[in-house]
Each structure stands twice: as structure tokens, then as C-alpha cells.
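Enquirer: My questions are about this predicted structure, shown below with the sequence.
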Amino acid sequence: MAFYDRMMSIDRRIIFLSVGLAVAIPIIAPLGFPVQVSEETRSFHREMAALKPGDTILLSFDYEGDVMAELNPMAVAVLRHAFSRDIKVVAITTYAGGTGIAERLLTEAATRYGKTYGIDYVFLGYNPDWSGTMLRLGESFKATYPTDQYGKSTYEIPIMQNVETYRDIALVVSISGSALSEYWAIWAGGRYGAKVISGNTAIQAILIYPYYKAGQIPGFLGGLKGAAEYEKLIDEPGMGIRGMDAQSVAHALMLTFIIVGNVGYFFSRRAQARQSK
């Protein structure tokens, strides 16, 4: 077989193995590719950095397992940023499948920073009526969530003693793989005056720009890239930066295979042209 034919006939097992290594190696050993921070991410970070120790944020896990790879790094970075500055966190989820995700990430972050459940953070759990939940929180957190995820009365949880409505929340942070960030801006922000920022999947982020430009969502993170940018700003490298390294290497590898295949095709056509003369 001619060399150019081999260029067009790379064994698919080699391709699969190469892509697997291209993704795995940067995740295990980050390569440290430069991260250019967008203005949207800077704005998100600015809102978080403006919080004072003792302030309380509402963190809503508006996603399930299908977008964990893209959104978990954002949620982890928000929790690290908050806990490192003694910001209190009231967490909820608007998806049934988000319960386990929220519990794990909250526990890991709290353990890392020595935070105490009920005092520094609380997980109120899942309410099936997400629209009603957003609206009712503007009237009463405790009436909307009489108990936390574990059945304890919210009237008895220390962190909830000073949280009654959105007026007691310094910032609403929605980490979302759907349009729920937009609804937080419309209902919590538009109706009750809550300040809302969001982290969104890359495909959803394009729909956030009108709210960002209008000031309804004064900062947002777009996709894994946004997570990596935020990790850089808070100096907490995590799966966002590792994931972007892996993505960059995998994309470069695929471009290389495409170029090799096209070069082989070019020389193959030239060889066929010579033979036909």
C-alpha cells in the first residue's frame, strides 16, 4: 500500500486510542494552556467578589446528570469562592436529579473549608413546582421550604433565622442547563428585585446575552470555558481548566487527522492522474 493510501486508512482503533489519551492525559496532568477571561466572566466574578463575609447567597442547582461535566466545575468554583470568604450558602435544586449532585458538591466543599451544616450552609432540597418555588420564595423561604432536604424544620436551622425573602439574599446564583436562569431573572429579579447571576451550558449561554446586555443578569459563565475562566480569577484550578486543556488537545488531534487524511487524498488523486495519462 502506498504511503498516501495509508494516510487515508488509519486504523480506527488508533484514532480512538489517540483521542482517549488526548482527553485523559490533560485531565490527569494539566498542561496549563493560557486562559483568556471574557468580560461576562469578569462581571460574574465582580458580583461574587463584592459580597461581604456573612452575606448569604441562594445557589440553585438547575441541572441534572446529563450536563454535569459542563456545569459541575462552575458550581464547585462558586462554592469554593463563597466558603473561602465566609459567605453563607442556601442551596436548592429545581431538578429531581439534581439532589444527589448538590449534596455531593456541598459536602465536599464544606469539608474542604471546615463549614458547618445549618450554620454556614443549608440544602433545602427539591420542590417539583419550579415556577411556583421562584415566586413563593419572594414571599417566604420558610413557607416554601418548611423543612430542609433531611426533614429538619427550617424554623430551627440557624442560617435560616435571618433569611425570610429575597431581600435577605445578597445574590441569586443559578447554575443551569436550561432556560431556568432566564426565569430567575424574570421572576426573582424582575418581580422581587433580587440580583441574579448565572452559569450556563455553552449552547444555553447564547440566550443569556440579551439579559446580560439589559443588566437583568449582570454576569454569567458560558460553558466549560466560562468555568475555566472563573477558576483562573479565583486562583482555584479545577475541572474547568483541566477540561479545557483536554478539549483543546482533542480538537488539535482531530484537526491533525483531518489534515493527514486530506493530504493523503491529494497525493492519491495526483497518482491516479499520472496513471491515466
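Expert: The structure has been received and is ready for your questions. Numbering: from 1, shown residues only.
Enquirer: pretty sure Pro146 is touching Thr154, no?
Expert: Yes - between Pro146 and Thr154 there is a contact under C-beta atoms under 8 Å: 6.3 Å. Using the backbone N, CA and C atoms, a C-beta is placed for each residue, glycine as well.
Enquirer: Among these two, which residue is more densely surrounded?
Expert: Of the pair Pro146 and Thr154, Thr154 is the one with more neighbours under other C-beta atoms under 10 Å, namely 21 against 12.
Enquirer: First-to-last residue distance for stretch 213-233?
Expert: End-to-end distance for stretch 213-233, by C-alpha to C-alpha, to the nearest Å: 22 Å.
Enquirer: List the buried residues of it.
Expert: When burial is assessed from 16 or more other C-beta atoms under 10 Å, stretch 213-233 yields the following buried residues: 216-233.
Enquirer: out of these, which are inside helices?
Expert: The helices, defined by DSSP state H, take in Gly223, Leu224, Lys225, Gly226, Ala227, Ala228, Glu229, Tyr230, Glu231, Lys232, Leu233 from these.
Enquirer: Now render those as CSV, adding distance to Ile92 and pLDDT.
Expert: What follows is those, written out as CSV (distance: C-beta to C-beta, whole Å; pLDDT from 0 to 100):
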residue, distance to Ile92, pLDDT
Gly223, 23, 93
Leu224, 24, 91
Lys225, 26, 93
Gly226, 22, 94
Ala227, 21, 94
Ala228, 26, 94
Glu229, 26, 96
Tyr230, 21, 96
Glu231, 24, 95
Lys232, 28, 94
Leu233, 25, 96
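Enquirer: now those as JSON lines including distance to Arg167?
Expert: As requested, these are exported to JSON lines (distance: C-beta to C-beta, whole Å):
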{"residue": "Gly223", "distance to Arg167": "32"}
{"residue": "Leu224", "distance to Arg167": "34"}
{"residue": "Lys225", "distance to Arg167": "34"}
{"residue": "Gly226", "distance to Arg167": "29"}
{"residue": "Ala227", "distance to Arg167": "30"}
{"residue": "Ala228", "distance to Arg167": "34"}
{"residue": "Glu229", "distance to Arg167": "31"}
{"residue": "Tyr230", "distance to Arg167": "27"}
{"residue": "Glu231", "distance to Arg167": "31"}
{"residue": "Lys232", "distance to Arg167": "33"}
{"residue": "Leu233", "distance to Arg167": "28"}
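Enquirer: Name the nearest of those relative to Ala205.
Expert: Using C-beta to C-beta, Gly223 is the member of those that lies nearest Ala205, at 6.0 Å.
Enquirer: do you know how far that closest one is from Leu31?
Expert: 19 Å (C-beta to C-beta, to the nearest Å).
Enquirer: For Ala50, state which of the ones in helices among the buried residues of stretch 213-233 is nearest.
Expert: Nearest member of those to Ala50, counting by C-beta to C-beta, is Leu233, at 13.4 Å.
Enquirer: number of nearby residues for the closest residue in space to the closest one that isn't next to it in sequence?
Expert: Nearest residue to Leu233, sequence neighbours excluded (C-beta to C-beta, 6 or more residues apart in numbering): His45, at 4.5 Å. By other C-beta under 10 Å, 21 other residues sit near His45.
Enquirer: tell me which element His45 falls in.
Expert: Secondary structure from DSSP states H and E places His45 in helix 39-49.
Enquirer: by contact count, what packs against that helix?
Expert: helix 68-84, strand 171-176, strand 196-200, strand 220-222, helix 223-233 (3 or more C-beta pairs under 8 Å, 6 or more residues apart in numbering; DSSP states H and E).
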